[in-house]
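[1] sharing a model prediction with you, sequence too.
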Amino acid sequence: MGRTIRIASVPVLTVLLISNWTWAQLVDQTLAPNTAKAGIAKSLQAEIGAGRGDLTTTNSSIFIINRDPFRSIRRGRQLFQRKFTRLQGQGPSNGDGTGDINTNNGIGAGLADSCASCHGRPRGSAGAGGDVATRPDSRDAPHLFGLGLKEMLADEITQDLRAKRDLAITTAQQKKRTITAELISKGINFGRIMADPLGNVDTSRIQGVDPDLRVRPFFAQGGTISIREFLVGALHNEMGLTAVDPDLAAASAGARVVTPSGMVLDGARDKIEAPPTPDANGNEIDTALVDHLEFYLLNYFKPGHHKQDQTTDQGRRIFARIGCGSCHVSDLMINHDRRVADLETNYDATRGIFNSLYSTATPLVRVVDDGTGLPSLKQPLLQPFLVKDIFTDFKRHDLGLYFAERNYDGTMQTQFLTRPLWGVGSTGPYGHDGRSMTLDDVILRHGGESQKSRDAYAALPKHQSDALLAFLNSLVLFPPDDTASTLDPGSSATVGFPQFGHGSIKLTVLFNDPTDPE
């Protein structure tokens, strides 16, 4: 029998004693020791540990993900913030800026020394902030809060749509007549298909997704399926780090692979992005590091809510009334949540210290003794989870000429995945290209399929448009190291307060060995 892990018994004193502070980009303390002991505690080799290994290989990525998952999340976060060095393989970037950019947009990516270089705002978070030349008009790097929730929702929608297609084909063959099937998943309508008795499928009425019915939740145009593909591509294109990942290699060759984070990559059904081939330095990023980074982003916190009041409540109602919610769908249900924890972050004027926000952490694991004598397995509960206020439908839409983007090959990108609005109050400037300075600007920029809602917004009296903007501005990101939480609530009695003792989201207390920092 498994048991659910709880955090209520975590002593506050323990949290304060073992706290170690982290910032946006982090130095390696083993390479750059400092009196403040700021930065990453472990060397890159120590983070690799025993490599990928398995459930019985101590200090391997598979071992840690399954037996000490909160350490894996923390390690992935440290890797995300790590300033990689040239000796570790960083730079030059994809093609060193040369080649056929018409067919490889990665050539236009910048050269960074950490993931946090492009995803670092608010301070120390996997947020927004980078601007890269993967399009002639540039492309703003989006925040990565709630990335795992996006991956799971998109994957479950894909499974639903394909199941409806397969059932339509089977039914048409059994009944020997053409069958029309509505493509609806999680309340979102993706159009319809028609299947005939010969197994042919008319996909001309599909809306917002490719004919293969695979929802690709990453990048503005909806181009990538999984966190793992996103990571390996970014390491190579933006940082010049080669990760010859065996999971992506196998899946891109047609195999079915389940990653350590539980994502199924089926190369027989989907086109999976192959990892880069080794360069002169070989494989620069060990597979264990990719495992920890993927697990971190699967479990990364969803955005929060700042102060909610009568004005924001009115703005929420106006948002729905003028039709914005037809694409920006607020709540979506996950059937099987693969995360090991959830974090709920809300306005709290009493317990919030630096930013009036307070986070409540809820582990979502069951503890199982597998009889090996090793630390118990901590497995995700895989229960349903309602994702609130994500505000997306995972469909591609034509938003009109003002949102169209030029591609290097001379074509125009006219359809874009509905960007989730959670966190939008913290991510200006706006638009995929950062051309809109305010939320008002970017709303008025909408056209195409969103023209009617845009015009309804433009016609609102000022007090109503102000309420709608106040509501959107209350959907915020937050700096984990500066946000008090149930894991580290902070204390004004701490020496050096508020630079010390201001509270944080500190996973260290959930490690098997909290005295061993990352």
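    Noted; the coordinates are in hand.

[2] does Arg75 really touch Asp68, like I thought?
    No: at 9.5 Å, Arg75 does not count as touching Asp68 under the criterion of C-beta atoms under 8 Å. In this view, the C-beta of every residue, glycine as well, is placed from N, C-alpha and C.

[3] higher neighbour count, those two?
    Neighbours were counted for Arg75 and for Asp68 using other C-beta atoms under 10 Å; Arg75 has more, 28 against 21.

[4] check which helix or strand the more buried one maps to.
    Using DSSP states H and E, Arg75 falls within helix 69-81.

[5] alpha carbons of that helix, as CSV, please.
    Provided in CSV are the C-alpha atoms of helix 69-81 (Å, rounded to 0.1, in the frame of the first residue of the first chain):
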residue,chain,number,x,y,z
PRO,A,69,11.8,13.7,-6.9
PHE,A,70,12.0,17.1,-5.2
ARG,A,71,15.7,17.0,-5.3
SER,A,72,15.5,16.3,-9.1
ILE,A,73,13.2,19.4,-9.5
ARG,A,74,15.7,21.5,-7.5
ARG,A,75,18.6,20.1,-9.5
GLY,A,76,16.8,20.8,-12.8
ARG,A,77,16.2,24.4,-11.6
GLN,A,78,19.9,24.8,-10.8
LEU,A,79,20.8,23.5,-14.2
PHE,A,80,18.3,25.9,-15.8
GLN,A,81,20.0,28.8,-14.0
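
[6] skip ahead from that helix and say which helix or strand is next.
    Next along the chain from helix 69-81, counting by DSSP H and E, comes strand 119-121.

[7] contacting residues around the residue most central in space within the chain?
    What sits nearest the mean C-alpha location of the chain, by C-alpha atoms, centre = their mean, is Leu147, with 1.6 Å. By C-beta atoms under 8 Å, 6 or more residues apart in numbering, the contact set of Leu147 is Ala126, Ile227, Leu297, Leu298, Tyr300.

[8] walking through the stretch 301-450 of the chain, point out its helices one by one.
    310-321, 439-445 (DSSP state H, counting those that start in this stretch).

[9] so among the contacts of Leu147, where is pLDDT lowest?
    Lowest pLDDT of these: Ala126, 93.

[10] excluding chain neighbours, what is closest to it?
    Leu144 (4.0 Å; C-beta to C-beta, 6 or more residues apart in numbering).

[11] then Thr362?
    Nearest residue to Thr362, sequence neighbours excluded (C-beta to C-beta, 6+ apart): Asp342, at 4.9 Å.

[12] so for stretch 328-338, first residue to last residue, what's the gap.
    For stretch 328-338, the first-to-last residue distance is 24 Å (C-alpha to C-alpha, to the nearest Å).

[13] quick revisit: ok, the residue nearest to Ala126 - how many residues close by?
    25.

[14] need the contact list for it.
    His119, Ala126, Gly127, Leu297, Tyr300 are the contacts of Leu144 under C-beta under 8 Å, 6+ apart.

[15] how about those, which pair is most distant?
    Farthest pair in these (C-beta to C-beta) is Gly127 and Leu297. Separation: 12.8 Å.

[16] from Cys115, how far off is the residue nearest to Ala126?
    Noted for Leu144: a distance of 9 Å to Cys115, by C-beta to C-beta, to the nearest Å.
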